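>>> Fold the following for me, if possible:
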Amino acid sequence: MSFKWLEWGQKLQAIAQNGLTFSENPYDMERFQQVRYYCRRHDGNLL
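Residues are numbered from 1 along each chain as shown. Now for the predicted structure:
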């Protein structure tokens, strides 16, 4: 089951990175940064 969580985390991190790349709204950018931060923070705990 942990591999499914890892896959979801990687997909969510990719969505956040795309949002940061293409967003111009500071509010959205802050939210995408938070999503990316939590994905990276918990990525090691899912292995």
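
>>> give me every residue that touches the most centrally placed residue in the chain.
For the chain, residue 13 is the residue whose C-alpha lies nearest the centre (C-alpha atoms, centre = their mean; 2.6 Å). By C-beta atoms under 8 Å, 6 or more residues apart in numbering, the contact list for residue 13 reads 35-36, 39-40, 43. All C-beta spots, glycine's among them, are computed from the backbone N, C-alpha and C.

>>> And for residue 32?
Residues in contact with residue 32 (C-beta under 8 Å, 6+ apart) are 16-17, 19-20, 23.

>>> how near is residue 26 to residue 34?
Distance, residue 26 to residue 34, by C-beta to C-beta, to the nearest Å: 13 Å.

>>> neighbour count winner among the two?
The residue with more neighbours, out of residue 26 and residue 34, is residue 34; 11 against 8, by other C-beta atoms under 10 Å.

>>> mind checking how far the more buried one is from residue 8?
Counting by C-beta to C-beta - residue 34 and residue 8 are separated by 17 Å.

>>> Out of the contacts of residue 32, which end up buried?
Neighbour counting over those (16 or more other C-beta atoms under 10 Å) leaves 16, 19-20 as the buried ones.
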